[in-house]
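> Generate coordinates for the sequence data below:
(3 chains)
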Amino acid sequence: MKPASNWQALRTVMQRDLMVVMRRRSDVLNPLLFVLMVVSLFPLAVGPGPDILGRMAAGVIWVAALLSALLGSERLFREDFLDGTLEQLTLQPQPLALLSFAKIMVHWLLSGLPLVILAPLCALLLKLPLEGWLALIATLAVGTPILSAVTAIGAALTVSLGRGGALLSLLLLPLFIPLLIFATGAVEAALVGTDAWPQVLLLAGLSLLTLLLAPFAVAASIRVSVH
Amino acid sequence: MQFDSWQAVIEMGGYGFYVWLSFGVSFLAIGVLAVQGLRARTKLERAFKQEQHRQQRLARRHREVS
Amino acid sequence: MWRWLHPYAKPEVVYHLLGRWLPWVAGAAALILGGGLVWGILFAPADYQQGDSYRIIFIHVPAAMFSMSVYVGLAITALIGRVWQLKMADWALAAIAPVGAVFTFIALFTGAVWGKPMWGTWWEWDARLTSQLILLFLYIGVLALYHAFSDNRTGAKAAGILALVGVINIPIIRYSVEWWNTLHQGATLTVFERPPMANSMLFPLLTCILGFAFLAAALIFHRMRNEILRQELHRPWVKAELGETSKQTEAV
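The predicted structure follows:
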């Protein structure tokens, strides 16, 4: 039998992962509800005045997004590791980095993309002025792939430990700092009326770079974890 | 020497607390690191010696049995 | 090159080599760093702006310099471990990371203490201090990951990958933090970046930097020897090595 082409393998892994997640929708839904709850906690904690909320909105939404990415990271590799699928993947003739890329993309489709769709609601709750909305949605759209890719590295490194949680946040949160800075900087620039596109483009560049390099790190991490 | 007396060295022109706090904590940190390394070394040597004794005991018992 | 390097890939050779160098390197560290600090603290002139508080740089600047370069060294070691599958590189990782973390802590702590008389606050979100804080987080991540595994070899490999990811991130983090700092107009007084120094201050500083290099080397060598012993405790050469020294101490 001829081995499947790289493209076929990529599609198969993506289809399979999508199907697995779609059978357990709460895994997708819970991190999103988490974001929504964190966002609604802030007005209760600091008061509902529009000036303070509006200034904090982008930061709060982005920090909530970072934390929710960590929260949902278990599902990336955990089950596959436990039932042996991950080991099978390392034995495939196709490069493991490619298959890792497929997994990253599925993770983004089910955690990053919904977040982009959810963003207007969060912005509304936090009374983000209208000028910032476009920038917020744009940064989430180009920034969440970084979130998925870097989270995948951390999840692959810690998958054999069985206890991600606090350790994973220690590993990953420092790496997210540039993302946080540029994303909130873009929204802030939009709010004060200057051009937000330089930051958004910079984030897009970082995003492409991360998507290019991260699969290799994920593949190396999987190999370390499986053996 | 820049200072007239040891008293002046300790005072550091009014900044004595900050200067000596930085130097003190820095050397404490390096000291802890060095001591930790030295203790790891003695612990390894002890583990090695225990292992040796255990093997000798086993060998002796083995001889007695045979 | 591989043939030339090959004998050095043997643990006992490295162990003996490091053992031969260690007393010299440690002695040089004590002598040069001690001399540099005495020179800096007692003999260098006071700064006309900051008075005697500037003397903190004699420990802050070397620690900050090497906190960064030790991380780069960590990443290079990790790369060697990944590419050539050298087990010694994995062990070196465990020897290097704590030293770098302590240097980062020193740089951060002395920077903060210096900030108190200069900025009037213990913590200022200054670009350099912030990057130093993030670097400390990166070190903590590497160490936490290494210690999370019960098997040291897997832990070292995982920590190595994380160090490589971190080293790619460091320039981005630096740039982003600087950009963020200019955006928010934090502390404008840059204590750490000063106009060219007078030689009477510069030379003791350079001496301290050299002393710190030897200090880092001595600490890393010692820890590396420990790591080698730990991994090879049941090999015959360790028996010859430790057995002899223990007999000597018993004779004394």
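> doesn't residue C:234 make contact with residue B:47?
No: counting by CB atoms under 8 Å, residue C:234 is not a contact partner of residue B:47; they are 10.5 Å apart. Every residue, glycine included, has its C-beta placed from N, CA and C.
> out of these two, which sits in the more crowded spot?
residue B:47 (14 against 10; other CB atoms under 10 Å in any protein chain shown).
> The more buried one sits in which helix or strand?
According to DSSP states H and E, residue B:47 maps onto helix B:16-65.
> Mind listing what's buried along the lengthiest helix in chain A?
Longest helix in chain A, counting residues (DSSP state H): helix A:197-226. Judged by neighbour count using 16 or more other CB atoms under 10 Å in any protein chain shown, the buried positions of helix A:197-226 are A:199-200, A:202-204, A:206-207, A:210-211, A:213-222, A:224-226.
> same question, stretch C:13-32
C:14-15, C:18, C:22, C:25-26, C:28-29, C:32.
> and these near chain A, which?
Filtering these for proximity to chain A by CB under 8 Å from any CB of the partner chain leaves nothing.
> Out of the residues you listed, which is nearest to chain A?
residue C:14 (23.6 Å; CB to the nearest CB).
> And that closest one, how far from residue A:199?
Distance from residue C:14 to residue A:199, counting by CB to CB, to the nearest Å: 48 Å.
> Could you tell me how far stretch B:55-66 lies from the centre of the chain?
38 Å (CA atoms, centre = their mean, to the nearest Å).
> By mean pLDDT, flag the weakest helix or strand of chain A.
helix A:74-82 (a mean of 84; mean pLDDT, DSSP states H and E).
> could I get that one in PDB with only the CA atoms?
Output of helix A:74-82 as PDB, limited to C-alpha atoms (Å, rounded to 0.1, in the frame of the first residue of the first chain):
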ATOM      1  CA  GLU A  74      -4.800  19.400  28.100                       C
ATOM      2  CA  ARG A  75      -7.100  18.300  25.300                       C
ATOM      3  CA  LEU A  76      -4.300  18.900  22.700                       C
ATOM      4  CA  PHE A  77      -2.300  15.700  23.400                       C
ATOM      5  CA  ARG A  78      -3.500  14.200  26.700                       C
ATOM      6  CA  GLU A  79      -6.000  11.700  25.400                       C
ATOM      7  CA  ASP A  80      -3.800  10.800  22.400                       C
ATOM      8  CA  PHE A  81      -0.900  10.200  24.700                       C
ATOM      9  CA  LEU A  82      -2.900   7.900  27.000                       C
END
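> pLDDT (mean, whole number) over the following helix or strand past that helix?
Counting by DSSP H and E, the next helix or strand C-terminal to helix A:74-82 is helix A:85-90. With pLDDT averaged residue by residue, helix A:85-90 scores 86.
> do helix A:85-90 and chain C meet?
No: using CB under 8 Å from any CB, helix A:85-90 never reaches chain C; the gap is at least 14.4 Å.
> Residue C:71 reaches residue C:167, doesn't it?
Yes: Residue C:71 is in contact with residue C:167 according to CB under 8 Å; the separation is 6.6 Å.
> Tell me where chain B is predicted with low confidence.
In the predicted model, chain B carries no residue with pLDDT under 70.
> Run through the residues of it sitting next to chain C.
Counting by CB under 8 Å from any CB, chain B sits next to chain C at B:1-3, B:9, B:12-15, B:18-19, B:21-23, B:25-26, B:29-30, B:32-34, B:36-38, B:40-41, B:44-45, B:47-49, B:51-52.
> ok, now chain A?
Near chain C, when you scan chain A using CB under 8 Å from any CB, you find A:150, A:153, A:157-158, A:160-161, A:167, A:170-175, A:177-178, A:181-182, A:185, A:188, A:206, A:213, A:217, A:220-221, A:224-225, A:227.
> Pull out the buried members of these.
Looks like the residues of chain A next to chain C have A:150, A:153, A:157-158, A:160-161, A:167, A:170-175, A:177-178, A:181-182, A:185, A:188, A:206, A:213, A:217, A:220-221, A:224-225 buried, using 16+ other CB under 10 Å.
> Quick one, grab the pLDDT at the most centrally placed residue in chain C.
Ranked by distance to the mean C-alpha position of chain C (CA atoms, centre = their mean), the top residue is residue C:100 at 3.3 Å. With respect to pLDDT, residue C:100 scores 94.
> Now do the contacts for it.
Residue C:100 sits next to C:66-67, C:70-71, C:73-74, C:139 when contact means CB atoms under 8 Å, 6 or more residues apart in numbering or on different chains.
> Residue C:206: what's it in contact with?
Per CB under 8 Å, 6+ apart, neighbours of residue C:206: residue C:36.
> so which helix or strand takes in it?
Using DSSP H and E, residue C:206 falls in helix C:199-232.
> Any stretches of the stretch 151-252 of chain C with poor pLDDT?
Judged by pLDDT under 70, the stretches of the stretch 151-252 of chain C that qualify are C:184-196, C:244-252.
> how about the residues of it near chain B?
C:215, C:219, C:222-223, C:225-226, C:229-230, C:233-234, C:238-239, C:242-243, C:245-246.
> relative orientation of the longest helix of chain A and helix A:74-82 in degrees?
20 degrees (axes from the mean of the first three to the mean of the last three CA atoms, to 10 degrees).
> what's helix A:197-226 packed up against?
On a contact count with 3 or more CB pairs under 8 Å, 6 or more residues apart in numbering or on different chains; DSSP states H and E, helix A:197-226 meets helix A:74-82, helix A:85-90, helix A:96-107, helix A:133-158, helix A:165-191, helix C:152-184.
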